[in-house]
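# Structure, please.
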Amino acid sequence: MSKALVCWRCGSALVGLSLPLSRFDTCKACGSALHVCKQCRFFDLTVAKQCREPVAEDVRDKQQANTCDYFSPADDAFRPVQSPSREVSSELAALFGESAAVKDQGMDELGKQIKRKADADAEARIALEALFRPKQ
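Numbers count the residues shown, from 1 in each chain. Here you go, the predicted structure:
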């Protein structure tokens, strides 16, 4: 692989993990499972079953650990949530008759709300997993 592996959910570097990734490996930063479809190089939203591997079994939850034999970690699995560009926002505002300034302000606030919710969800998951993690 040309780049270092990063977590599909938070983008943190996955240093210290040996390949192949175990079904039980998790990201130390956010606690997300790593042997998941969204971390795999075959994951693709534009194809059937969201998998480019034609003989792989269908996995319903792409964010939960699975036992797929074709799993191969992708070094570019992290895709940050992107807000629409100002140009696109302006075009939408013009199309629907809203002022661009109001539309941009609403999109910025929506992005902040989504980030706060994602941060709160990640913190809650880390706390929950810490409760059930075996003592070392």
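# Does K62 touch C37 like I think?
Yes. The pair K62 / C37 is scored as a contact, 3.8 Å apart, by Cβ atoms under 8 Å. Just so you know, the C-beta spots here come from the backbone N, C-alpha and C atoms, and that holds for glycine as well.
# neighbour count winner among those two?
Per other Cβ atoms under 10 Å, whichever of K62 and C37 has more neighbours is C37, with 25 against 17.
# Surely that one touches L45?
No. Counting by Cβ under 8 Å, C37 sits too far from L45 to count as a contact (10.5 Å).
# For this protein, which segments are assigned as helices?
Ranges of helices in the chain, per DSSP state H, are 86-96, 100-132.
# thought A33 was touching T67?
No. Under the criterion of Cβ under 8 Å, A33 makes no contact with T67, lying 11.8 Å away.
# Between the two, which is the more surrounded one?
A33 (20 against 9).
# that older thread, D75 is nearest to which of the helices of the chain?
Nearest to D75 among the helices of the chain is helix 100-132; the distance by Cβ to Cβ comes to 21.4 Å.
# do you know how far L45 is from K62?
Noted for L45: a distance of 9 Å to K62, by Cβ to Cβ, to the nearest Å.
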